[in-house]
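> next come a sequence and a model predicted from it.
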Amino acid sequence: MKRIVTILFGALLMSIVAAPAMAQIQITIPGFRSDNPWFNNVPQAQTFKQFLADHPDDARELAQNPGLLYDPEWRGQHRQLQYFLQTHPDVWDGLKAQSADIYNSRFSQFLGNHREVASDLRDNPELLYDPGYRSHHPELTEFLADHPQVWENMNAQRESAGRTPAGFGAYDNQHRWHDANWWHQNNPGWFWESHPEWASVNPQWRDQDGTYDQQHVWHYGSSQAAMREQANQQTLDDQQRQQSIDDQQQHEHDWQGRGDNNE
């Protein structure tokens with residue numbers, strides 16, 4: 001009997017210990033996807049998740065606009081959240097590291113609903129920073145005004161990358177950003193037609209994808225043999241053209257000579 005009681009007590013103790021872990025795994029926050037980077041790529045993510053579960057008002061506002069978490073004024077109005085972040089520096093550092101993904105996801109959603117803007121920015125990402133372009137797309141201007149942290153983040157990314165080879169890239173049709181290497185590998189025709197300056201990332205691409213003609217003009221998709229054949233044909237055409245001119249001049253000269261003899 002004593003042994004049975006001991007076993008039952010042990011099982012009860014195990015269930016009590018396991019209960020918090022099970023409850024931790026089953027936490028769901030309304031308005032947030034399970035793959036949200038805050039809950040998957042942040043140290044002690046479950047701690048932050050539990051805080052949101054205990055503070056539904058904060059969670060609701062962040063679900064509607066995740067960028068608020070990175071707004072000092074907003075955090076100052078939510079003292080409990082601010083205290084939590086101050087007392088959990090590892091969590092806050094992890095959340096800050098995910099800011100780019102949060103901002104980019106918001107902008108990707110906008111591009112998904114505005115195909116014309118997405119197409120323009122795919123061809124020329126720098127249009128985003130052109131005031132003239134933005135003035136002709138009030139929906140883009142309104143989005144950036146309503147999401148200042150998104151706009152600030154994109155400007156910061158641009159400044160850190162600059163217009164150096166490391167910053168070359170564009171959005172694809174699914175509104176995902178890819179660098180120059182990806183575009184050269186997956187869509188070289190569009191790469192060379194739209195952004196030949198990206199070849200500065202890897203000068204060997206020009207040797208791999210094309211060649212120079214006799215006038216030192218580079219052509220995409222032209223093999224050395226094809227270029228030599230084209231050059232030879234051009235030389236032959238020039239020779240035939242010159243021969244035709246010479247024959248015409250000789251013919252005119254002969255007629256002039258006959259006229260002089262008749263006189």
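It's in.
> now do residue 122, the pLDDT please.
Residue 122 is assigned 72 on the pLDDT scale.
> would you list the phi and psi of the residue nearest the centre of the chain?
Here the mean C-alpha position of the chain is nearest to the C-alpha of residue 177 (C-alpha atoms, centre = their mean), at a distance of 1.6 Å. Here is the backbone geometry of residue 177 (degrees, to the nearest 10): phi -80, psi 140.
> those strands in the stretch 51-200 of the chain, which residues are they?
Counting by DSSP state E, counting those that start in this stretch, the stretch 51-200 of the chain has strands at residues 169-171, 177-179.
> before we move on, back to that, residue 122 versus the residue nearest to the centre of the chain, what's the distance?
10 Å (C-beta to C-beta, to the nearest Å). Yep, even glycine has a C-beta here, placed from its N, CA and C like the rest.
> what is in contact with these two at once?
170-171 (C-beta atoms under 8 Å, 6 or more residues apart in numbering).
> now residue 149: how far from residue 61?
Residue 149 sits 14 Å away from residue 61, going by C-beta to C-beta.
> domain parsing of the chain, as residue ranges.
24-97, 101-201 (automatic domain parsing).
> rewinding a little: okay, and the common contacts of residue 149 and residue 61?
Both residue 149 and residue 61 are contacted by residue 68, under the criterion C-beta under 8 Å, 6+ apart.
> go ahead and confirm residue 121 touches residue 169.
No - the pair residue 121 / residue 169 is not scored as a contact, 11.0 Å apart, by C-beta atoms under 8 Å.
> compare those two and say which is more crowded by neighbours.
Between residue 121 and residue 169, counted using other C-beta atoms under 10 Å, residue 121 has the larger neighbour count: 21 against 18.
> how about the more buried one, what does it touch?
Here residue 121 is in contact with 111, 127-128, 170-171 (C-beta under 8 Å, 6+ apart).
> who wins for neighbours among those?
Neighbour counts for the contacts of residue 121 peak at residue 170, which has 22 neighbours (criterion: other C-beta under 10 Å).
> and that residue, what are its bridge partners?
Beta-bridge pairing for residue 170 (DSSP bridges): residue 178.
> distance of it relative to residue 95?
Taken as C-beta to C-beta, the span from residue 170 to residue 95 is 29 Å.
> for residue 194, same thing?
From residue 194 to residue 95 the distance is 37 Å (C-beta to C-beta).
> who's more crowded, those two?
Higher neighbour count among residue 194 and residue 95: residue 95, with 22 against 15, using other C-beta under 10 Å.
> and that one, how far from residue 69?
With C-beta to C-beta as the criterion, residue 95 and residue 69 are 6 Å apart.
> residue contacts, residue 245?
No contacts exist for residue 245 under C-beta under 8 Å, 6+ apart.
> helix/strand/coil for it?
Following DSSP: H, G, I helix; E, B strand; the rest coil, the label given to residue 245 is helix.
> do the same with residue 31
Secondary structure, three-state DSSP: residue 31 is coil.
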